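Sequence first, then the predicted structure, then my questions.
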Amino acid sequence: MRVPKPPSTSTPAARAPRRRGRAARLVTAGLVLLGVAGYAAYHLAGVGGGPRHPACTVTTQAGSLTLEPQQAANASTIAAVATSRGLPERAVTIALATSMQESALRNLDHGDRDSVGLFQQRPSQGWGTAAQIMDPVYASNEFFDGLVKIHGYSRLPLTVAAQKVQKSGFPQAYAKHEADAALLAGALTGRHAGALTCVTPVAAGTVSGGDPAKVRQRLVREFGADVAPRTTETPADPRDKAAQDAKNGARGGGPARRTVSVPSAQAGNEARGDESRRGWELAQWAVAHAHELKVEKVSFGNHEWAAETSDRGWTASNSDAAHKTAGDVRITVAQ
């Protein structure tokens with residue numbers, strides 16, 4: 001019996017379903033990619049007021065560095081403690097490189113044997129109790145206490161200076177962090193104006209409960225008593241005060257009641273260049289701690305960082321307040 005031959009799959013009629021099937025798959029894949037792109041835009045860029053991926057960046061002509069908010073906050077605390085002790089930028093670089101190697105700038109509650117904290121210091125080796133070492137200010141002071149005992153530490157290779165303090169089993173490991181540590185130190189000490197900025201995870205207005213008293217307390221604890229932070233007074237003119245209260249509501253107070261002002265001038269640093277560097281150091285400290293302290297806005301001179309537009313970084317400010325208090329760093333917390 002002669003068996004009929006099946007229809008050829010090479011005929012146009014047979015190929016059509018295959019082409020339609022391939023086209024449908026391509027359309028489906030395209031829609032999936034668009035969905036993924038939209039999700040990424042929403043979550044990473046804050047499109048439509050959506051959540052943004054929290055991150056801090058340092059950018060200078062020498063390069064760039066991206067940090068998590070907790071890493072930026074810890075790094076700025078280390079730098080602030082160095083400033084409170086009158087230590088040079090080189091000391092900050094050494095400390096940052098050490099912490100990058102030991103804990104990746106995270107305040108770890110665990111480590112090798114009994115090591116904890118930013119510098120993985122060990123209670124059994126006389127660094128203090130575990131609770132003390134877990135305090136970044138205490139841990140930073142302990143590290144600098146050891147560093148300043150080293151004669152000529154600022155002229156030594158970073159690995160040598162760090163090793164004399166830490167007594168690590170891998171002293172050469174500090175070297176790989178020196179470039180990033182120097183970049184970060186230049187920003188956190190104010191030498192690179194506006195080099196550090198952070199993107200907050202949510203738009204301003206969706207976070208509440210910022211406390212100016214907590215900001216003042218942290219400033220004094222990390223920079224020292226001479227930082228002299230103060231809460232900005234409400235307007236002297238009763239009509240201005242009434243208008244402000246009506247606009248912002250009596251519940252949380254207006255921006256003036258939520259703003260901490262810190263003079264950039266410091267005793268012994270009256271020169272304009274020193275004042276500017278000090279101001280940027282304070283301003284970038286506030287931005288590094290923005291997520292933790294619920295900071296809504298930071299301004300210095302004619303520059304401003306705002307949580308709502310944090311993806312833009314530092315922008316020019318044309319407000320009258322900025323010109324009237326050009327020498328102050330103004331830190332406003334969320335209502």
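Here it is on my side, so go on. Residues are numbered from 1 along each chain as shown.

Which residues outside the host helix or strand of Thr83 are in contact with it?
Assigned by DSSP states H and E, Thr83 belongs to helix 69-84. The contact list for helix 69-84, computed with CB atoms under 8 Å, 6 or more residues apart in numbering, reads 54-56, 67, 91-92, 95-96, 99, 104-107, 118, 136-137, 140-141, 144, 184-185, 188-189, 196, 198, 222-224, 281, 284-285, 288-292. Just so you know, the C-beta spots here come from the backbone N, C-alpha and C atoms, and that holds for glycine as well.

how close does the residue nearest to Thr231 when sequence neighbours are not counted get to Ile94?
What sits nearest to Thr231 in space, not counting adjacent residues and going by CB to CB, 6 or more residues apart in numbering, is Pro212, at 5.3 Å. Using CB to CB, to the nearest Å, Pro212 is found at 34 Å from Ile94.

on that earlier part again, write the ChimeraX selection for whichever of the contacts of helix 69-84 are buried.
To isolate in ChimeraX the members of the contacts of helix 69-84 that are buried, counting by 16 or more other CB atoms under 10 Å, one can use:
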select :54,55,56,67,91,92,95,96,99,105,107,118,136,140,141,144,184,185,188,189,196,198,222,223,224,281,284,285,288,289,290,291
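
From the contacts of helix 69-84, which land in helices?
91-92, 95-96, 99, 136-137, 140-141, 144, 184-185, 188, 222-223, 281, 284-285, 288, 290-292 (DSSP state H).

Tell me, how many residues neighbour Cys79?
Just to correct that, residue 79 is Ala rather than Cys. 30 (other CB atoms under 10 Å).

Ala104 versus that one, what's the distance?
Using CB to CB, Ala79 is found at 17 Å from Ala104.

Direction included, what does the strand or helix carrying Arg330 pair against?
Under the criterion of DSSP H and E, Arg330 resides in strand 328-333. Each strand paired with strand 328-333, and its direction, by DSSP bridges: strand 259-263 (antiparallel), strand 295-300 (antiparallel).

And it, what's buried?
Judged by neighbour count using 16+ other CB under 10 Å, the buried positions of strand 328-333 are Asp328, Val329, Arg330, Ile331, Thr332, Val333.

Hmm, Val260 and the third one touching each other?
In other words, Arg330. Yes - applying CB atoms under 8 Å, one finds Arg330 in contact with Val260, separated by 7.4 Å.

Quick check: chain neighbours aside, which residue is closest to Arg102?
If you look again at residue 102, you'll see it is Glu, not Arg. Gln120 is the one closest to Glu102 (CB to CB, 6+ apart), at 4.1 Å.

just Arg278 next, same as before
Excluding the flanking residues, the one nearest Arg278 by CB to CB, 6+ apart is Ser264, at 4.9 Å.

residues touching the residue minimising distance to the centre of the chain, list them.
Most central in the chain under CA atoms, centre = their mean is Ala288, positioned 3.0 Å from the mean C-alpha point. Going by CB under 8 Å, 6+ apart, Ala288 touches Cys56, Pro69, Ala72, Ala73, Ala75, Ser76, Leu188, Leu196, Cys198.

What is the most widely separated pair among these?
Pro69 and Leu188 (14.3 Å; CB to CB).

who's in contact with Ala228?
Val262, Pro263.

meant to ask about Val160
Taking CB under 8 Å, 6+ apart, we find Val160 in contact with Pro171.

Helix, strand, or coil at the closest residue to Met100 other than its chain neighbours?
Excluding its sequence neighbours, the residue lying closest to Met100 (CB to CB, 6+ apart) is His177, at 4.1 Å. Here His177 is recorded as helix under DSSP: H, G, I helix; E, B strand; the rest coil.
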